[in-house]
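> Build me a structure from this.
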Amino acid sequence: MRVVQVDLNSRVKGGRVVGALRRFPDAAVGEKVILQDPGEERKYSAVVAKVDSLSRKVLFDVEWEPKPQQRLYTLQCSSATPRFTAGKSAGVVAPSKQLIPQ
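Below you'll find the model as predicted:
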């Protein structure tokens, strides 16, 4: 993936980051890129959402937080108190608790 230099604070309605087409002249909608603010060390995964040749802007959908890893849960319902395991952790399932993290 290519690294594109943009001001990560430059956003439009809907939270998309705006970049200049001159910095990324061959941008294609759906292309996956890495965005980096020249003043910061952090990098973010993004997808080109729109290329506007009239305004000379590129809009990016940015993944601000990494996606959580999926966990495998096991539920044992053979007793009056159900138990679950998640990796090496185990616990009792309270009726008001959710097993699947949101």
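> Next up, the contacts around residue 50.
Each residue near residue 50 by Cβ atoms under 8 Å, 6 or more residues apart in numbering is listed here: 16, 29, 58, 59. Just so you know, the C-beta spots here come from the backbone N, C-alpha and C atoms, and that holds for glycine as well.
> From these, list just the buried residues.
16, 58, 59 (16 or more other Cβ atoms under 10 Å).
> Would you check that the first one makes contact with residue 64?
Same thing as residue 16. No - using Cβ atoms under 8 Å as the test, residue 16 is too far from residue 64 to be in contact (11.8 Å).
> that older thread, ok, so of the contacts of residue 50, who is nearest residue 47?
Distance to residue 47 across the contacts of residue 50 (Cβ to Cβ) is lowest for residue 29, with 8.5 Å.
> can I see the domain layout of this protein?
According to automatic domain parsing, the chain comprises the domains 2-63, 69-102.
> quick one, phi/psi of residue 22?
phi -70, psi -30 (degrees, to the nearest 10).
> what's the neighbour count on it?
If you count neighbours by other Cβ atoms under 10 Å, residue 22 ends up with 8.
> Surely it touches residue 57?
No - at 10.1 Å, residue 22 does not count as touching residue 57 under the criterion of Cβ under 8 Å.
> Give me the buried positions along stretch 43-59.
44, 45, 46, 48, 51, 57, 58, 59.
> Can you tell me which of those is closest to residue 10?
Distance to residue 10, by Cβ to Cβ, is smallest for residue 57 among the buried residues of stretch 43-59, at 9.6 Å.
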